Each structure stands twice: as structure tokens, then as C-alpha cells.
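> missing the sequence, but the structure's below:
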């Protein structure tokens, strides 16, 4: 096992992807925020006709995915051909779940972009709801699927 | 209960903090990434003399905290007088835990900055270790303490 | 008449606001985009339950206001205590009008932030609707009101 | 007619351009700022040997074009092979007109980048002249031409 | 002697300035780029009426100063009340010299902002002239003066 | 001799690289900071086990290289396939030397990115050591090698 982001002296390094082919790559990530059933009820009862918190969180997640290489020090700046985030609400268990999908045609994958999209989506939900409740928890953020690239297909094995 | 980030028409809005006093505010957040005991062993055995992954992750978390208002749409851009992130490693249970502390003298608190610091610290750990293992999970990210501001002291009640 | 942003040699310069007092300042700007009545009808008929184009445009405008000093070379980076954007739709004449309000407690005003908010709100409307129609026009963008600061109250005189 | 930036549930979405070809694309936009003939006279009489307001505005517009995907939420981050902005002064009618041209070899066009370049050029003129006059108006900002891409040639039809 | 940017475990840290007073602080930095007398002659002979390289470099340096806390990991994000850069040309020795001045009313000084302004001014000169000559050298970049703050007055002692 | 970054009217312009081929390009730059032998001794004696100043400086330099097109006004935004920075310490003469290497597959070279990486690496060293000593000097920053592109191979001739 080897840390590709550390060189032989233990100094941080960017991976050199110069010799990799440009191929289609897709990454999907997911995560949850436990907001509690009361906050979910408040969201539903507000019957907001537009501009609701999910829309704001989605915009924030998409914009953050485009900023990933500014946030993660050794990440490459890549062109993203698609970023999408969907969500579902589990009222009984009191959580909101987000699933992101990021596509790129690049020399390196978009795993970090997919994770960033989920993290900032969930953090924005936190921000939008924190006046109601502070003890919300962001949890279970993981890469769920990765298609393309030398290391091939990956799916999270639960 | 009221969503301060949505107006009466349900449109997103920034909270107007013009009339709030400038006071000392501190926020602390925490979170974990489950990397597994093998990755932790690899980190320890690498006996890296410098520049190790925790240092890179800490830099990333601090820099991201300063960018919070660019990431979270309705967050105010505030001056941060201090950002710190500490971490601990639980080898048996295979996780790394981060705790952030952010201080500001402002009209609004630094909760989101503290959470951003933790999230990007943990995501950078993911990035640095993903060549070894992909099924790592970022989890249990929460605000643990908040000092100052009109709403007063808050501590996460487990 | 003197260009405060050019020095005696004609070189660009930032205005030195070191000696100005920190006071409450408010700026309001407005602007329109002519999209045509068919696009407005399409927006209304889509009966979008959430996440509609106005919400996305508002988020974009608020986030851009916070970025003003990165966009306008000689603008100071100031803390904004409030950014708001409201809009109205004139179906007959086929335009959407945006009005922004920005507040700050600073040594300089927030006129540019208010104008940026309107411009990027309107440009985002353009982006969201450009698959339907390309010959939309952004127009009538102006500062409508300015409160506070040495130069005192200003209102656009039509 | 369909909003490509909203999905079937009305949530905002980025257009998936993964399957589009990389082709040469050019976009041109234009716009005006009415500053009044006195400000234009002041600009001319200042006989500024260098660093004049048009140069600052041009730099601002070019830099902003490169930032477009950070400003417009659902815009793709693309490589721009050329950004240019020219301008003309109409002393009688008291306006300054800017025309931008942006080129890219990408899976999507550069219309938004061309519009951003014009908007920020004009807003910078506003900033540079606002000590002289505040009731300036940014107006008539439009896409004037678009070459390349699946939807083909477009020219603004007056 | 102690590294304020490393904690007792040798991990990087931001200095906590929460308890410092907000005071007027000024920093000045300088630096040179040796471009050779031929490039200087080319600049002079071009008799450029406007928008010359010094104006572009000055804009770049001012904008970069405002971005310092995004570039230098442990730097605080502070409000800058003034950024100025002046320059002189030494034709015989073939260099261009820049001097920056940055002012702030903050809990920490603006030394890094002053150095960033000089570095990016000089790097932009490099960029503007590199089609003519590549072996230019940026050199002698230093803090020349610092006023205000607990550590008091500092002047570079040659 | 011609300034490619100024048009015939002397206005700044971006070079149009639309017609250039996408080829492999490498650029290397170097530079020094004179910190004095006492600071070097302090660094060595601190026997910091991790996170030392070189690691922080390297991260800063890599992240800045990715931001070059935001800093240098007329620089193109390009994908970087690799950024690396190595360093050496000359204790007798009291300086630290950095050498950067940047690779890209693009229509234009990465010279400015290589120089930015060195400048911000050195400036971060300054920031990390400034509590010990203020009269450090950044010097001898130059492009040392350039491979690929129409103008061909270049090596700094001392």
C-alpha cells in the first residue's frame, strides 16, 4: 500500500496524470443529514411555493463541485460535463439523503467532486435549518460508485 | 418555528444582521472519517518525517473555513480571528476524528465556518488515502459548542 | 470633476478610506431583463412547485454581491450585513425587474455590491431561459438609492 | 418550449454535455453605459497618458469572463482560448459601448462568458466614474452573435 | 525563537488574534524585475497611449493583495482600507522596481498583503513581456516598512 | 519586438490561442528566499516531526499554481496535469531554494503557473518565519526551462 499523495520523503505531492488517457468518468456519492422529524414537518408544512431549501442546497452543491480543486489541495482542476444532486426525505427516521453524480472527460476521476457536492448540499441544509435546531448531524458520506479510469469500476460494498 | 433563511413567499434570504452587536463568538465542530485500521497502520508505518496527511488536511480545513461564505449561499463574509483544527486517531475502531474551533468578533456566529473546517479536513483525508481504500465514510459531523451571540451558549446534547 | 480612481499620472488607484468613519450604509439598485411575454408565459405555465428560476437567480445575485471586490478591480473588500433581491414580473411588457438592497457597516459604501447583485441576478435569468430564446436584453441597471456616507443621501432622479 | 435548467420536478439542474462534441465556438455580446456627455468630456480632457479607465475596465471584463462558472450557478467551467473586449465612445449621446468576443473549444458555448465580460466591463466604468456622477445606466446588454454548437449560427435580430 | 505558525506538536496553526486591538496598520514592500534595457526601450518606444503594461500590472497587484488570505494558508482575511503600488524604471540597469503600500484597521498587520501586491505586479510584468524575452528575473522582494501593531515600527535595515 | 499582450492601440489583450495545437508542455521555475542561517538553524532544531513549514509552503505553492489565471490578468485558464515543488536548504549562505515543475496538455504553456508556484512557496516561507525575522528577501525567481509549444525548448542561460 502506498500513499500516492506523499513522495518518498513524505512530502505532499500531486499525482502526475500527464500520461493518462482522457476518458469518460462518472462518480456518485451519497450522504445524510439527520435533522429530526420536527424539522422535516416544518419544511413540509411551510408549503413553500418556490425557492425552498432543497433548491438552495442543490445550487450550493453544484457550485461547490466546480470549486473542488480550490478546496482539496492536491486535486486537479478538471472540466465537469455534468453535476447533479438528487435527494429524498425520510420523515420517520428524520433524515434527508443526498446523492450526487458528476461526469467528466478527463485524465483523472471526479470522486472528490462528487463528495464535495454532497458535503456542501448537506451543510447548506444545516445552514438553512439551524434557526430551528442545532443538533443536526451530517453522516454516512461516501463514494457509492465510480465508472471509468484505470482502476476500473468501483461500487461501495455495504 | 420559522426558517430565517426563507422569506414569507418562500424565497431564500440572507438574515439581516445590521442591528446585531459585534461580539466575541466561538464555535466548535467535530466529525469522523472511518478509514479502517489498515489505513491507520499504513499511516503509522510510513514513519513520514514531515508533511504528513494530517498537516495537509489541517491546511485545507483552515483555508476552507476562510472560504465558507463562498460555499454556503446565505452565509455572511466575516473576519475570522482564529481557526484551529485538532485531530485524534482511534486505531481499534479505525477512525480519525477532527475537532475545529473558530473565533470571530462579528455580528453573526462562526458555526458554519467551524463545520466547513471539519468537513474539508475529513474530505482531504479521504483524498490523501483513496489510493489505498475507497470505502471510507465521513460521519458524525456536528456543531459541538457555540459561545456568544444573542441565542447564547449551546452545547451538543448527546 | 475628478476621477478618484486615477492618480495624477493617470494610473488607476484604489481610494484610501483609512480615515473614513465606520457608518451604516445602504445601497439599492435595480435593473430589467426583457425576456418577452412567451418566456414569461412558459415560466408561469410550468407551475414549478419549487426551485424555480427566480430562486436560482436570487442565490446567484447574493453570492455575486459577496464577490464584488474580486470582480471590480478597485473596490474594497467589505463585510456585508445584508443582501436582498426582490423581483417583479411585467407580463404585458415582457420583462422581469430586480431590485437589490445591500447593507454594510463600513468605511465605504455598498453601491457596487448592489449593482453586482442585480447584474448577476439578471444574467442568471438569461442563462436559465436561453434554451427558449436568445434575444433577451438586460437593461436599465442603475443605482436607485444610497443612504449614509460622507456624500449623503442619493436618489436616482428620473 | 422547455427549461433545460430545470428538471421535471422543477429543481434546478446543470445541462449534461457529456455527449456533445468538442467544437470551436465563438460568442459575441454587447452593451452600453450611459454616462452623459460631461463624464465623456472629463475623460477626454484628462488626457490621461496611460492606465485609463478603459484599460482597467477591459482587464476587469476579461478576468470576470474567466470566472463566469463561479458566478452563474449552472454554467460549466470551460477553457477559454480567447477573450477580447473592444469599446467605442458616443459623445453626442453620452454613452460608451462595449463589444466582447469569447472563443472556446468545448462541449458547450461561451455565451455567458461573453455577456459576463460586457457586464463587468460596464460595471467597472461605473465604478471608475461614480465620483463624478451617480445616475449612469447600464443598458442594452445582449448576445449579438453565436457561432458553432448544435443549435448553429445565431445573430441578434433587431 | 519560536515559530508562531507551528504548535507544540509541529502542526501548522493560525495565530489567534482574538485578543489583539483593532489598530491602524501600514505595511510597505518593494521588489524588482530585471527585464533588460532592450525590453525597457521597447516599452518606451511603443509610445502606448493607454493601457500600458504598468497599468495592467498595478491592477493585478491590487487585486492579488485582496486575495492574500486565499493564497497564504495561515493568513487572516482582513479588510484593506488602501492598496497602492508605485513603480520606477531604471533604464541603465534594466530593471523595473515596484513599491507597495497597504493599510488596514485590523487585529493583525498587512505585511503579507504588501508582499503579495509586489510579487503579482512583478509577475504580471513578466507575463506581459515574455514574448520579447524569457530570461527576466524577479528579485529583491522584501518588506521595507511596517507601522502599527504590538511589535511596533520596523524598517528594513540594509 | 512586439508586445503580444497589447493590441495596436496599446490596450491590453489576451493572446488568441484558438488555432494552436494541444500539446504536452512542461515549465520549470526556481527562486530563493534568504532567511539567514539563524532561521535555518531554528527550523532544524525544532525537530518538528510533521507539518513543517516546507510542507505548508508546498501546499500553498501547488494551490496557487492552480489559481494562476485568477491572478495574472491575461493568462488562460488551463488544466494542469502535474504541479510539483522541490526545495533545498543552503545553511551556510542562509537561503532556501525552490524549484517548481508544471505540466499541461494545452494550447498554451505553463510558464506563469511554474513561476506562481515558486513565488507563493517562497512567500509562505516568509509568512511562517516572520515572527523570527522580518528582513528576509525573496530573490532570483526565474523561468529555468520550458519544453513544448511553438517557440520550442528554452533554458535559462546564466
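Thanks, I have the structure now. As the structure is a computational prediction, the values presented were derived from the model and not from experiment.

> CA only for contacts and neighbour counts going forward, please
OK.

> chain center to the helix-or-strand element of chain A with minimal mean pLDDT: distance?
Lowest on mean pLDDT, DSSP states H and E among the helices and strands of chain A sits helix A:37-45, with a mean of 87. Relative to the mean C-alpha coordinate of its chain, helix A:37-45 is positioned 24 Å out (CA atoms, centre = their mean, to the nearest Å).

> name the helices or strands packed onto the helix or strand following it?
Per DSSP states H and E, the first helix or strand lying C-terminal to helix A:37-45 is helix A:53-66. The contact analysis (3 or more CA pairs under 8 Å, 6 or more residues apart in numbering or on different chains; DSSP states H and E) places helix A:53-66 against strand A:82-90, helix A:111-129, helix B:68-71, helix C:53-66, helix D:68-71.

> switch the cut-off to 6 Å
helix A:111-129 (3 or more CA pairs under 6 Å, 6 or more residues apart in numbering or on different chains; DSSP states H and E).

> quick one: the least confident helix or strand of chain A to strand A:82-90, angle?
110 degrees (axes from the mean of the first three to the mean of the last three CA atoms, to 10 degrees).

> show me what counts as buried in helix A:37-45.
A:37, A:39-40, A:43 (16 or more other CA atoms under 10 Å in any protein chain shown).

> swap in stretch A:139-146?
Buried residues in stretch A:139-146, defined by neighbour count with 16+ other CA under 10 Å: A:139-146.

> by proximity to chain F, which residue of chain A wins?
residue A:16 (4.7 Å; CA to the nearest CA).

> and for the least confident helix or strand of chain A, what's in contact with it?
For helix A:37-45, the external contacting residues (CA atoms under 6 Å, 6 or more residues apart in numbering or on different chains) are A:91, A:94.

> count of residues packed around the closest residue in space to residue A:87 that isn't next to it in sequence?
Excluding the flanking residues, the one nearest residue A:87 by CA to CA, 6 or more residues apart in numbering or on different chains is residue A:98, at 4.3 Å. A count of nearby residues for residue A:98, using other CA atoms under 10 Å in any protein chain shown, gives 24.

> cool, and the one 4 residues further on?
Here the count is done by other CA under 10 Å, and residue A:102 has 27 residues near it.

> and for it, nearest residue in space, chain neighbours not counted?
Using CA to CA, 6+ apart, the nearest residue to residue A:102 is residue A:83, at 4.5 Å.

> isn't that neighbour up against residue A:100?
No: taking contacts as CA atoms under 6 Å, residue A:83 lies outside contact range of residue A:100: 7.2 Å.

> can you pull out the low-pLDDT segments for chain A?
A:1, A:47-51, A:158 (pLDDT under 70).

> can you tell me how far the residue nearest to residue A:87 is from residue A:117?
According to CA to CA, to the nearest Å, residue A:98 and residue A:117 sit 9 Å apart.

> now residue A:23
21 Å.

> ok, back up a step: how about the buried residues of stretch A:139-146, which pair is most distant?
A:139 and A:146 (20.3 Å; CA to CA).

> burial of the residue in chain A that chain D sits nearest to, as a residue count?
Nearest to chain D, among the residues of chain A, is residue A:82, at 4.7 Å (CA to the nearest CA). Counted with other CA under 10 Å, the neighbours of residue A:82 add up to 20.

> quick check: it touching residue A:101?
No: the criterion here is CA under 6 Å, and residue A:82 misses it with residue A:101 at 7.7 Å.

> and the residue of chain A closest to chain D, what does it touch?
Per CA under 6 Å, 6+ apart, neighbours of residue A:82: A:102-103, D:16.

> before we move on, what about residue A:105?
A:22-24.

> quick check: residues of chain A near chain F?
Applying CA under 6 Å from any CA of the partner chain, we find that chain A lies next to chain F at A:16-18, A:73, A:77.

> tell me the one of these nearest residue E:9?
Nearest member of these to residue E:9, counting by CA to CA, is residue A:73, at 21.9 Å.

> ramachandran angles for that closest one?
phi -50, psi -40 (degrees, to the nearest 10).

> what about it, distance to residue F:63?
Counting by CA to CA, the gap from residue A:73 to residue F:63 is 6 Å.

> now list whatever residues contact both of the two.
With CA under 6 Å, 6+ apart, residue A:73 and residue F:63 have no common neighbours.

> so which strand or helix has residue A:98?
Counting by DSSP H and E, residue A:98 is part of strand A:95-106.

> can you list the strands that that strand pairs with?
Here strand A:95-106 has these sheet partners by DSSP bridges: strand A:23-34 (antiparallel), strand A:82-90 (antiparallel).

> and residue A:22, what is it in contact with?
A:105-107.

> give me the distance from stretch A:38-58 to the chain's centre.
20 Å.

> and that stretch, how far apart are its ends?
Note: stretch A:38-58 ends 22 Å apart using CA to CA.

> which residues touch stretch A:138-155?
By CA under 6 Å, 6+ apart, stretch A:138-155 touches A:25-33, A:156, B:137-141.

> separation between the residue of chain A closest to chain D and chain C?
Computed as CA to the nearest CA, to the nearest Å, the residue A:82 to chain C distance reads 16 Å.

> could you give the bridge partners of that residue?
residue A:103.

> quick check: it vs chain B, distance?
19 Å.

> and what of residue A:67?
Taken as CA to the nearest CA, the span from residue A:67 to chain B is 9 Å.

> which strand or helix spans the closest residue to chain B within chain A?
With CA to the nearest CA as the measure, residue A:139 is the residue of chain A nearest to chain B, at 3.9 Å. According to DSSP H and E, residue A:139 maps onto strand A:137-147.
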